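[1] quick one, what's the 3D model for this:
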Amino acid sequence: MVYSHCEILFPHSKVSGLKNLKGDDWKELVEEIAMLPETHPDALAFSHMMIKICDCLNCDLSSYKAALGCAACSQRTVNALRDNDKQLLQRFKNSQKIIYDYLRETHFEEADISEESEEPEEPEVIEEASLMETVAA
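    Residues are numbered from 1 along each chain as shown. Reported below is the predicted structural model:
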């Protein structure tokens, strides 16, 4: 079987399909993230969270999950989670901390990113190879 376009990590383009799967707080978060560019740190944090939840790093192109595609896999996974909105938002905050810590260490060493700040003034693109190392950690 030949895949003309196959994503192996949760793509930002599939975020909006998750908005009606949980409660109002989840829906609000998903709507906010969907409006952001995929290189925004919060969008990266959301993708990081979904990559961990969906176990994307263990997805094999010959697997049933891969055959379903990222949209179906992510929707099924979020539906199957017993987490409430508060727990999902905490997962997002944990991923957000990982991404922002990474940005502070690598790209924003001199930028003013306080603990209260939820987004840097000018988000930068993170190289895919570097982010993969962070996701695997």
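
[2] any low-confidence regions in this structure?
    1-6, 107-137 (pLDDT under 70).

[3] and the longest helix for it?
    Longest helix in the chain by number of residues (criterion: DSSP state H): helix 85-106.

[4] so how far is that helix off the chain centroid?
    How far helix 85-106 lies from its chain's middle: 10 Å, per C-alpha atoms, centre = their mean, to the nearest Å.

[5] next: stretch 11-23.
    11 Å.

[6] okay, how far is it across it, tip to tip?
    Terminal residues of stretch 11-23 are spaced 22 Å apart (C-alpha to C-alpha, to the nearest Å).

[7] in the chain, mark out all the strands, start to finish.
    Applying DSSP state E to the chain gives no strands.

[8] now the most centrally placed residue in the chain: how far from S62?
    Nearest to the mean C-alpha position of the chain, by C-alpha atoms, centre = their mean, lies S47 at 1.0 Å. Counting by C-beta to C-beta, to the nearest Å, the gap from S47 to S62 is 23 Å. Heads up, the C-betas are built off the backbone N, CA and C, glycines and all.

[9] can you check F10 too?
    19 Å.

[10] how about the helices in the chain?
    Under DSSP H, the chain gives helices at 24-35, 41-54, 64-68, 70-80, 85-106, 128-136.

[11] residues near Y102, how many?
    Look at Y102: counted by other C-beta atoms under 10 Å, it has 21 neighbours.

[12] list the buried ones in stretch 59-70?
    59, 65-66, 69-70 (16 or more other C-beta atoms under 10 Å).

[13] of those residues, which is the nearest to L88?
    The nearest member of those to L88, counting by C-beta to C-beta, is C70 at 18.1 Å.
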